[in-house]
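Undergrad: Sequence isn't available, so here's the structure alone:
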């Protein structure tokens, strides 16, 4: 039996891993900042020793892309220094670190899906600090699997799906950008992959992988689908990114190529609309 430490357990992915792992014979230890401060290396060491941890799944991150531009110190602490702490502790304890990264490590100026081996070139502080966390893992020498994902949503926490459900129920019209293209990711699908890797003992397949749902859409397309599935009648209109002034420039095309993850783990990745239907149905039941 494996003992698995999950950090950031109160977030979207952490909650989904908690749900997916309920039937597991392995022992999952779910922590958030109240139970474990991952900016404290000695606290991580004590937790690993106390629970005899073999696998660490890091779901914790600073994800406010705009706020990061004014708060580099906190973004770097959580996205880089804390990740370095986890990788050091993983190396010392001979554990495997599974870490969640982002499409924002890329500039997003090429109109073909991003491959794992492409040169990284983040546009803002969020992407810069997430990339620094990736590099810290590689430099630590620990065993690792890094999953870059994008446009994450679930029934838990704050995300685009829940925001659009609320706004399209409150407003008659809504402007949403159409010139940023990517693929949404249902956190339940990513959680299922992570748990499969642990349960099927595939942890030795180290590397950096890309995972999002299949297909391509803009934020405008995504919002239209959310509105329709939610039964709302808001008139959603396409607009340009520059109509929403922001301190950070976002990637215009950040579709992730999933060939590597599908071949390595023998999985089929769900289409983004199919997964959105599942999530909306769940939110309706709530």
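TA: Yep, it's here. Worth saying up front: this structure is predicted, and the values here are computed from it rather than measured. Numbers count the residues shown, from 1 in each chain.

Undergrad: and residue 173, backbone torsions?
TA: phi -130, psi 150 (degrees, to the nearest 10).

Undergrad: For it, which non-adjacent residue is spatially closest?
TA: residue 235 (4.6 Å; Cβ to Cβ, 6 or more residues apart in numbering). C-beta here means a position set from N, CA and C on the backbone, and glycine is covered the same way.

Undergrad: Would you list the phi and psi of the one you found?
TA: According to degrees, to the nearest 10, residue 235 has phi -90, psi 100.

Undergrad: Contact partners for it?
TA: 172, 173, 174 (Cβ atoms under 8 Å, 6 or more residues apart in numbering).

Undergrad: contacting residues for residue 123?
TA: 104, 107, 108, 248, 249, 250, 251.

Undergrad: Neighbour-wise, which one of those leads?
TA: residue 104 (27 neighbours; other Cβ atoms under 10 Å).

Undergrad: part of a helix, is that residue?
TA: Yes: counting by DSSP: H, G, I helix; E, B strand; the rest coil, residue 104 is part of a helix.

Undergrad: for it, what are its contacts?
TA: Counting by Cβ under 8 Å, 6+ apart, residue 104 has contacts 65, 122, 123, 124, 126, 127, 130, 250, 251, 254.

Undergrad: Could you find the closest non-adjacent residue to residue 238?
TA: Nearest to residue 238 is residue 178, by Cβ to Cβ, 6+ apart, at 3.7 Å.

Undergrad: Just give the number of residues close to the one you found.
TA: So residue 178, with other Cβ under 10 Å, has 19 neighbours.

Undergrad: can you pull the pLDDT of it?
TA: On pLDDT, residue 178 comes in at 94.

Undergrad: now residue 245
TA: 77.

Undergrad: I'd assumed it was in a strand, is it?
TA: No: per three-state DSSP, residue 245 lies outside any strand segment and is coil.

Undergrad: how much space between it and residue 12?
TA: Between residue 245 and residue 12 the computed distance is 27 Å (Cβ to Cβ, to the nearest Å).

Undergrad: neighbour-wise, which of these two wins?
TA: Ranked by neighbour count (other Cβ under 10 Å), residue 245 and residue 12 place residue 12 first, with 24 against 6.

Undergrad: Distance of that one relative to residue 43?
TA: For residue 12, the distance to residue 43 - Cβ to Cβ - is 24 Å.
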